[in-house]
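**Q** Okay, here's the prediction I keep looking at, along with the sequence it came from:
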Amino acid sequence: MEEQKEHIGTRLLVAIASLLALLPFPLLYLLSDMLFPVVYHLARYRRKMVRKNLSNAFPEKSKRELIILEKAYYHHLCDYFVETVKTLQLSEEEIKQRMHFENPELLNNLMKDGSSCLVCLGHYGNWEWVPSIKLHLLPGVEAGLVYKQLHSFSFDQLFHEIRGRFGSLPIEKRSVLRTLVRKKKESQTIVVGFLSDQRPPRISDKYWTTFLNQDTPFQTGMEKIARGLSMSVVYLDIEKVKRGFYRGRFVTLSEDASMTENDSITEAYARLLEKTVLRSPALYLWSHNLWKFRKDG
């Protein structure tokens, strides 16, 4: 009975999201503008956490500057929501225009011998549009995005559908190693995106570095997988061109991770992500609790 309710809830949620996605972008952004006072002023969604993260990351900024940045973040968060829902109705041609990749040939060159590639990126811009990279890859090359399963079954299924919209394979993080080992045994070339700025579990291995003026733990699983499977590793630098339009540029971190020193790829990733965030801070996901654990805790 509970499972039946979950499936009914999922179908209803997807149906509502699909209807909402039929709205043109101008109306969706009007909805985003209307959502802002609800999320920011009424619901005060994670306001304390956002304010704390911003003040720690930018100690040099005045209170007024931080409030301006805080509001800009929530405006972008509302845009992210409507853009993500719109994905359900975007055509391949439109997503190519709105999520433009400057140099997909870099990925294709790294994989021309059949080797797979790992793409690390952060919760920045609109990461839900990144799986559209599948549309730019060589024939026969698969694409996937590693994700953490959501607590809500219905929302998890909705995002699963959104992330697979253009042919990419959503891979739950607990099965990513098993999936990649199987792909290698099958001689299947694949590009896999890792959102590598999620907070590591307390008991897991982690790499500590200074990130945005704070001691920050980074997950090491991404680098260990790449090293163990001799994958190339690339960073995706995302830039917001204007409302609803993003540009991505790939930067090679390693052509063969098995040849690198421990933690060198994770450190390089942290430095590039920090540079991306500092360029336009409002586009980062300040409401997630990346700094929950202390280095000496």
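**A** Received the coordinates, thanks. Numbering: from 1, shown residues only.

**Q** So what pairs up with residue 191 in the strands?
**A** In this entry, residue 191 is beta-bridged to residue 117, residue 143, by DSSP bridges.

**Q** burial count for it?
**A** 28 (other C-beta atoms under 10 Å). Using the backbone N, CA and C atoms, a C-beta is placed for each residue, glycine as well.

**Q** Would you mind stating the distance between it and residue 229?
**A** 13 Å (C-beta to C-beta, to the nearest Å).

**Q** Which parts of the stretch 1-150 of the chain are helices?
**A** Using DSSP state H, counting those that start in this stretch, the helices of the stretch 1-150 of the chain run over 2-21, 25-37, 47-57, 63-86, 92-98, 104-110.

**Q** Serialize the ones you listed to a markdown table and add fields for mean pLDDT and distance to residue 273.
**A** Output for the helices of the stretch 1-150 of the chain, formatted as a markdown table (pLDDT from 0 to 100; distance: least, C-beta to C-beta, whole Å):
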| stretch | mean pLDDT | distance to residue 273 |
| --- | --- | --- |
| helix 2-21 | 66 | 29 |
| helix 25-37 | 97 | 25 |
| helix 47-57 | 96 | 12 |
| helix 63-86 | 97 | 16 |
| helix 92-98 | 97 | 22 |
| helix 104-110 | 96 | 18 |
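
**Q** now these as a markdown table including mean neighbour count?
**A** What follows is these, written out as a markdown table (neighbours: other C-beta atoms under 10 Å):
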| stretch | mean neighbour count |
| --- | --- |
| helix 2-21 | 13 |
| helix 25-37 | 15 |
| helix 47-57 | 17 |
| helix 63-86 | 18 |
| helix 92-98 | 14 |
| helix 104-110 | 17 |
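
**Q** Same list, these, but as TSV with distance to residue 116 please.
**A** Output for the helices of the stretch 1-150 of the chain, formatted as TSV (distance: least, C-beta to C-beta, whole Å):
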stretch	distance to residue 116
helix 2-21	31
helix 25-37	35
helix 47-57	34
helix 63-86	27
helix 92-98	23
helix 104-110	9
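
**Q** which one of the ones you listed lies closest to residue 280?
**A** helix 63-86 (9.1 Å; C-beta to C-beta).

**Q** what's the closest one packed up against?
**A** helix 2-21, helix 25-37, helix 47-57 (3 or more C-beta pairs under 8 Å, 6 or more residues apart in numbering; DSSP states H and E).

**Q** what about residue 81, distance to residue 128?
**A** Shown here: residue 81 relative to residue 128, a distance of 10 Å by C-beta to C-beta.

**Q** returning to that earlier point: and of the helices and strands packed on helix 63-86, who's closest to residue 293?
**A** Comparing those by C-beta to C-beta, helix 47-57 comes nearest, at 13.9 Å.

**Q** which outside residues touch that closest one?
**A** Contact with helix 47-57 is made by 40, 61, 66, 69-70, 73-74, 212-214, 281, 286-287, 289-291, as judged by C-beta atoms under 8 Å, 6 or more residues apart in numbering.

**Q** tell me which of the residues you listed is nearest to residue 241?
**A** Here the nearest of the contacts of helix 47-57 to residue 241, counting by C-beta to C-beta, is residue 281; it sits at 16.8 Å.

**Q** The closest one - how many residues pack around it?
**A** What residue 281 shows, counting by other C-beta under 10 Å, is a neighbour count of 18.

**Q** Was I right to think it contacts residue 65?
**A** No: look at residue 281 against residue 65 with C-beta atoms under 8 Å: they stay out of range, at 10.5 Å.
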